[in-house]
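Chemist: Make a model of this:
(2 chains)
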There are 2 protein chains.
Amino acid sequence: MKQERRADDGIRPVTIAYIAELAGVSIPTVSKVINGRARVSAETRARIEELVNTYGYRKPSAGNRSNLLQLVFREMDVIGAVEIIRGVERVAREHRFGVMVSEFGRADSTGSPAWDDTVARRPHCVLAVSQLPEAERDELRAKGIPFVVVDPIHDLPVDTPFVGAANWSGGRAVGRHLAELGHRRVAMITGPDSLFCRARQDGFRAAMDTAGRPVDPELVVRAELTREHGHAAAAALLSRSDRPTAMFASNDMQALGVYQAVREAGLRVPDDLSVVGFDDLQVVAWADPPLTTVRQPVAEMAVTAAEMALALGRGETPQQVGLEIATTLVVRKSTAPPSS
Amino acid sequence: MKQERRADDGIRPVTIAYIAELAGVSIPTVSKVINGRARVSAETRARIEELVNTYGYRKPSAGNRSNLLQLVFREMDVIGAVEIIRGVERVAREHRFGVMVSEFGRADSTGSPAWDDTVARRPHCVLAVSQLPEAERDELRAKGIPFVVVDPIHDLPVDTPFVGAANWSGGRAVGRHLAELGHRRVAMITGPDSLFCRARQDGFRAAMDTAGRPVDPELVVRAELTREHGHAAAAALLSRSDRPTAMFASNDMQALGVYQAVREAGLRVPDDLSVVGFDDLQVVAWADPPLTTVRQPVAEMAVTAAEMALALGRGETPQQVGLEIATTLVVRKSTAPPSS
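Modeler: Below is the predicted model:
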């Protein structure tokens, strides 16, 4: 990739207006010569061409972007932020690109100084984690800056490139695992409105339906994706007289809250309750007992999205505009056949 | 902060050579005029000055750096990498700077493509996490790019700006806490050779010495800063007939390994052993029981270092070239008076 020269050593942009001024002709005349159109005298044309050759006028174009890849987080405390940054940085470095990292907040940031600064740096491409508001997409498109959304949490228009995780398949693997262990009363702690939570639930339900053990709607509780909310949801489910023998949390943080509720109820994992999470945070392998969960391919998603964004930046058309990377069920010690 | 104009719209750098060519004089002649030296005819001077005014020649200088702050990790899996990036990005954004994030690996990276690309981007300043090899410091200094080291793990020359944590004071707070609880046989799991591990140990010993209960050298075991090594070290210490009543680990990961060894020995925290860590990782508050530890001011360190680096980039002289940010003992449920 050719690197652009920085305007570090004293410059003045050579515009059409500037050439016109030097040549003593009008701007449309210069424009005609540069664009190869007729109706300019041979003598004027020669003078303009000489000036253009001397001053190196170059047409502005959308291709004149920097060798920077812009990585945008809404909030940087998402799962796997470090893995995302590492993966993107490694790919960018191999392509001789630098990575700019920004945190924009949840709202549309167009018009803010941070947004204006970002666009003014003319990134080669933008990689947005979780979401990219419509106004930002529109402005990037208008500026000719391609973008890819990593792990989108909301629906995107069909032409928006994205790389996500196979959440539905992950949820399905959990359902199959619990059904194979023999569980019949299975609870599910769902998450807030988002694509990935819905996909995890749907996959889980699909597997339980296939096993002939549809999930009892009374055992489905909605909660935020935090340890505290997982704890409260699990406490409510465990206080039922017909309490479940297994629980699928929408993420690992909720599952850690389930562990706490089980301890407080004087019960044990997995003897009294099998627990499954989602994400495979590093810490859940150290939990007591180590948690069965679904591994999110965060680093692979980041690497794939970075390659896609750089390809779009080069003007290439990717074979697929949306990709889902496979998830993996990691069976540890928090799941076992039901004791009763 | 004035932003530099990018070379996006067709430019040619206006160098002294270029002005000389246009004026039909030698390069030294242009140089003399620009630098205000004598021995140039009035007529030539006027011609050159007119050209300089027309073409906007500007002296290259070390000040002509970009509005980028370069954040360098050796390995990005350090404690609090996200907090560091967030803190730095927030400060940079307020100053209308962008943050480039790179991972260089442990070795000196001068001469590598990634290093050359980084220097070629002319960052305003460099923030290096944990370390910055001498060759890199030398090259940055030669290029007029100021730098600050965040949380240095090795000794730096006295003129190297850094922001660290008050590790010695943190270790001392742990010793005072355990002495006040009445512990007399206290073990210490030390870490590998590094400034921060040594400071934590020294502070701990100082407090125990002051309390008249010097640490028994037989109860000091060296281990890597991982859960596995903390586990092995604790298992060895717990197998002693005169086992300690409290254990200070060099970081939280070691402390989590201690928890596992205590469980495996059929003992309980804090009834049979008080445990203290260092760092205050988010997960240790969720451990069973929640861990007493020392909070590392990671975000504050990053913010302070970013402000210092930007000030150095502006050519300011900071009041202090090295700063240590205070640490805080966070007492949770893993420490109690000895039962015997």
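
Chemist: The residue most central in space within chain A: what's it in contact with?
Modeler: By CA atoms, centre = their mean, the mean C-alpha position of chain A lies nearest to residue A:150, the distance being 1.8 Å. Contacts here follow CB atoms under 8 Å, 6 or more residues apart in numbering or on different chains; on that basis residue A:150 touches A:84, A:127-130, A:162-164, A:301-302, A:305. For the C-beta atoms, the positions are set from N, CA and C on the backbone; glycine is no exception.

Chemist: I'd like to know which of the residues you listed are part of strands.
Modeler: A:127-129, A:162-164 (DSSP state E).

Chemist: Give me the distance between the residue lying farthest from the centre of chain A and residue A:110.
Modeler: The centre of chain A is farthest from one residue, residue A:43, which by CA atoms, centre = their mean lies 56.8 Å away. Per CB to CB, to the nearest Å, residue A:43 is found 49 Å from residue A:110.

Chemist: Would you map out the domains in chain A?
Modeler: Annotated domains of chain A cover A:1-60, A:68-165+A:299-325, A:167-296 [automatic domain parsing].

Chemist: ok, which stretches of the stretch 201-340 of chain A are helices?
Modeler: Counting by DSSP state H, counting those that start in this stretch, one finds helices in the stretch 201-340 of chain A at the ranges A:227-238, A:252-264, A:298-313.

Chemist: Would you mind telling me which of those helices is nearest residue B:187?
Modeler: helix A:252-264 (27.6 Å; CB to CB).

Chemist: Export only the CA atoms of the closest one, formatted as CSV.
Modeler: Output of helix A:252-264 as CSV, limited to C-alpha atoms (Å, rounded to 0.1, in the frame of the first residue of the first chain):
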residue,chain,number,x,y,z
ASP,A,252,-21.4,-15.5,31.5
MET,A,253,-21.9,-12.5,33.8
GLN,A,254,-25.5,-13.6,34.4
ALA,A,255,-24.2,-17.2,34.9
LEU,A,256,-21.8,-15.9,37.6
GLY,A,257,-24.9,-14.3,39.3
VAL,A,258,-26.7,-17.7,39.1
TYR,A,259,-23.7,-19.3,40.9
GLN,A,260,-24.2,-16.8,43.8
ALA,A,261,-27.9,-17.4,44.0
VAL,A,262,-27.3,-21.2,44.1
ARG,A,263,-24.8,-20.8,47.0
GLU,A,264,-27.2,-18.5,48.8
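
Chemist: From the contact counts, what lies against it?
Modeler: Helix A:252-264 makes packing contacts with helix A:227-238, strand A:246-249, strand A:274-276 when contacts are defined by 3 or more CB pairs under 8 Å, 6 or more residues apart in numbering or on different chains; DSSP states H and E.

Chemist: Near chain B, which residues of the stretch 101-250 of chain A? Just list them.
Modeler: Within the stretch 101-250 of chain A, the residues that sit near chain B (CB under 8 Å from any CB of the partner chain) are A:101-103, A:113-114, A:117-118, A:120-122, A:227.

Chemist: looking at the residues you listed, which has the most residues close by?
Modeler: Greatest neighbour count in those, by other CB atoms under 10 Å in any protein chain shown, goes to residue A:101: 26 neighbours.

Chemist: Now do the helix or strand harbouring that one and strand B:98-103, the angle between them.
Modeler: Take DSSP states H and E as the rule and residue A:101 turns out to sit in strand A:98-103. Angle between the axes of strand A:98-103 and strand B:98-103 is 120 degrees (criterion: axes from the mean of the first three to the mean of the last three CA atoms, to 10 degrees).

Chemist: Quick one: residues in contact with stretch A:255-268.
Modeler: With CB under 8 Å, 6+ apart as the test, stretch A:255-268 has contacts from A:189, A:226-235, A:238-239, A:247, A:249, A:269, A:272-273, A:275-278, A:283-284, A:287, A:291, A:293, A:334, B:286, B:288.
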